[in-house]
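Participant: Got a predicted model here, sequence first, then my questions.
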Amino acid sequence: MSAVRPGILLVLDGWGHAEPGEGNALAAADTPCLDRLRATPAAVLAEASGSAVGLLPGTVGNSEIGHIVIGAGRPVPYDSVLVEERIDTGGLRSHEILGAALTGLAATGGSLHLIGLASDGMIHSHVRHLRELLRIAALFAVPAVRIHAITDGRDVADGTAAHHLATVGGYTAEAGVGSIATVIGRGYALDKSGDLALTERAARAIEDGTGHRIGKPEEALATGGSGDEWVEPCVVTGADGQPLGPVRDGDVVLFTNFRSDRVQQLADRLHSGLAGRGVTFLSLAQYDTEAPIPALVHRADAGGGLADRLAECGVRSVRIAEAEKFEHVTYYLNGRKAGPAPLEEHVRIAAAGRPDHRAAPEMNIGRVTEAIGAAARRDDVPLVVANLANIDVVGHTGEYAATVRAAEHTDRAVAALCRIASETGRWMVLVGDHGNAEKMLAGAGGASRPYGGHTTNPVPAVLVPAPGREAAPPTGTATLADIAPSVLSLLGLGPAPAMTGRALW
Ligand SMILES: O=C(O)[C@H](O)COP(=O)(O)O
Ligand SMILES: [Mn+2]
Ligand SMILES: [Mn+2]
């Protein structure tokens, strides 16, 4: 182990690059340390969106694919791309499992329930996948399709839910089948913090029609006083005054999100709640649910990356992040392998209660920094991998002033970590996983609205060399796939065979 040169890999979540301008919270923030690092010759911009990381061209990056690619050292075809491929080749129409479920409904007169985020954000879902499923339902003459539309306002500009509901309505008219049966804000339906009371309200609306009753889907939006994310669980009633869409014996429930993390709590809750009703469950893509829900599209292998190489070389690593990003520096960075690998230690910093990120944009950055310092001071830990979540998590509130403060807290933490790296003789690599806070305004319907979503911008990648060493400026275009080979090279190790990225420094 003595030959290994110790370091720190620090992901600044949501740290994207854009020229200073209106809505660029990162450029507006007072960040002397980050500005200094970005002006060093070893700083580079890395592609973190679109095909460079395994997404469709022009698609915004996200935390899952960002961390997967940082760990894998190669672009990994993301679930959204695999779903699109399946649709484009007609493979969903001829899908055996889906076909069997829909044929069964045509025979029994049951309903197909499509549950998913109704937007074109392409982070968790895309409404065009719903469109294809409606067309398929029509081909199979499914008697009734009930859409449980989850409103967004987080991956897309807030205030656009009416537009997306209208799009879904257009798709049902085009397919000649389907009606929106519930409208529920993603704050309820897609909680991933373990707040089961939120999930319960979403689940009850879907399974039993319990919730705020409305005559038309768009009436739900008036309940979203805090934005599209927090539209109350609303149940559309039919001409008879009864809810359109409770789940009945023999129905099929199909989750249309391609990303698992935020839908799995609801999927598990519905699976257990409907256990006695003989309901068939399916998901468009593969989920990490406790319940065994068959997927129509399976995920790509993301293994053979940094974690496997570290294990092979006997290099210990400590992974540190706030709860919001803990899976990212463990599960996703390790190629979606659950549980710590041998020689791997995990530190999860959790907030007490439900944090208000607008009021406290510092989150728990002090505790995260302390934990990184403690790991960095250990001689038996060659690599510390950590995530500073603030820029992304606070950026998602869409609140500009709070996001500026999040960037300033991050800057002070990075300054402290630079001192720790220097004291402990470590190099440090800083990299964003996708853009976010450099763009806090987005056009929608001709107006500029607060935007808390991700971007297609490149991200900064910087090497702070170990004391006494220098870093040559990287050449060529960098991508997130270059980070794992760079980290291995800085440690004094070669890349894994599956890696296609290159060492930048
Ligand atoms: O789930 C979320 O919070 C957002 O839709 C995406 O953010 P993430 O990719 O940073 O998790
Ligand atoms: Mn992220
Ligand atoms: Mn994010």
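Facilitator: Received the coordinates, thanks. Ligands and ions are numbered 1, 2, ... in the order given.
Participant: for Y171, what are its contacts?
Facilitator: For Y171, the contact set (C-beta atoms under 8 Å, 6 or more residues apart in numbering) comprises V127, L130, R131, L134, G178. No exception for glycine: its C-beta is placed from N, CA and C like everyone else's.
Participant: what does V252 give?
Facilitator: Contacts of V252 by C-beta under 8 Å, 6+ apart are A101, L102, G104, L105, G110, S111, L112, H113, V279, T280, F281, L282.
Participant: Also V177?
Facilitator: Applying C-beta under 8 Å, 6+ apart, the residues contacting V177 are L134, A137, A138, V142, A144, V145.
Participant: ok, now A307?
Facilitator: With C-beta under 8 Å, 6+ apart, A307 has these contacts: G71, S317, L333, N334, G335, K337, A341, E344.
Participant: Using neighbour counts, trim those residues to the buried set.
Facilitator: Buried residues within the contacts of A307, counting neighbours by 16 or more other C-beta atoms under 10 Å: G71, S317, L333, N334, G335, K337, E344.
Participant: Just the ones in helices from those, please.
Facilitator: G71 (DSSP state H).
Participant: could you dump the buried ones among the contacts of A307 to a markdown table with distance to A484 and pLDDT?
Facilitator: Formatted as a markdown table, those follow (distance: C-beta to C-beta, whole Å; pLDDT from 0 to 100):
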| residue | distance to A484 | pLDDT |
| --- | --- | --- |
| G71 | 6 | 98 |
| S317 | 12 | 98 |
| L333 | 9 | 98 |
| N334 | 11 | 98 |
| G335 | 10 | 98 |
| K337 | 15 | 94 |
| E344 | 15 | 97 |
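Participant: Out of the buried ones among the contacts of A307, the closest to ligand 2 would be?
Facilitator: Nearest to ligand 2 among those is L333, at 11.7 Å by C-beta to the ion.
Participant: and the closest one, backbone torsions?
Facilitator: Backbone geometry at L333, expressed as degrees, to the nearest 10, gives phi -60, psi -30.
Participant: repeat for A222
Facilitator: According to degrees, to the nearest 10, A222 has phi -70, psi -20.
Participant: now swap in F255 and tell me
Facilitator: phi -80, psi 130.
Participant: Is it correct that it is in contact with L284?
Facilitator: Yes: assessed by C-beta atoms under 8 Å, F255 is found in contact with L284 at 6.5 Å.
Participant: which residues are common contacts for the two?
Facilitator: In contact with both F255 and L284: G116, using C-beta under 8 Å, 6+ apart.
Participant: Relative to ligand 2, which residue of the protein is the closest?
Facilitator: S63 (3.0 Å).
Participant: Just the pLDDT for that residue.
Facilitator: According to the prediction, S63 has pLDDT 98.
Participant: Isn't it up against E324?
Facilitator: No: the pair S63 / E324 is not scored as a contact, 9.0 Å apart, by C-beta under 8 Å.
Participant: hmm, back to that, just the ones in helices from the contacts of Y171, please.
Facilitator: In helices, defined here by DSSP H, the members of these are V127, L130, R131, L134.
Participant: ok, and the most crowded of those residues?
Facilitator: L130 (26 neighbours; other C-beta atoms under 10 Å).
Participant: who's in contact with the nearest residue to it once chain neighbours are set aside?
Facilitator: Leaving aside its sequence neighbours, L130 sits nearest to T256 (C-beta to C-beta, 6 or more residues apart in numbering; 5.4 Å). Applying C-beta under 8 Å, 6+ apart, we find T256 in contact with L114, I115, G116, L117, S125, H129, L130, L133, L284.
Participant: I'd like the distance between T256 and S486.
Facilitator: 37 Å (C-beta to C-beta, to the nearest Å).
Participant: Quick one: list the elements packing against the one helix or strand E370 maps to.
Facilitator: According to DSSP states H and E, E370 maps onto helix 365-376. When contacts are defined as 3 or more C-beta pairs under 8 Å, 6 or more residues apart in numbering; DSSP states H and E, helix 365-376 sits against strand 7-12, strand 317-322, strand 344-349, strand 383-388, helix 400-423.
Participant: Is there contact, residue-wise, from whatever helix or strand comes next after the longest one to ligand 2?
Facilitator: As assigned by DSSP H and E, the chain's next helix or strand after helix 400-423 is strand 427-432. No: Strand 427-432 lies apart from ligand 2 when judged by C-beta under 5 Å from the ion; the minimum separation is 8.0 Å.
Participant: Close to ligand 1: what parts of the stretch 351-500 of the chain are there?
Facilitator: Residues of the stretch 351-500 of the chain lying near ligand 1 by C-beta under 6 Å from any ligand atom: D392, H396.
Participant: Right, and ligand 1 sits closest to which residue of the stretch 351-500 of the chain?
Facilitator: In the stretch 351-500 of the chain, the residue that lies nearest ligand 1 is D392 (5.1 Å; C-beta to the nearest ligand atom).
Participant: same question, the stretch 151-300 of the chain
Facilitator: D155 (4.6 Å).
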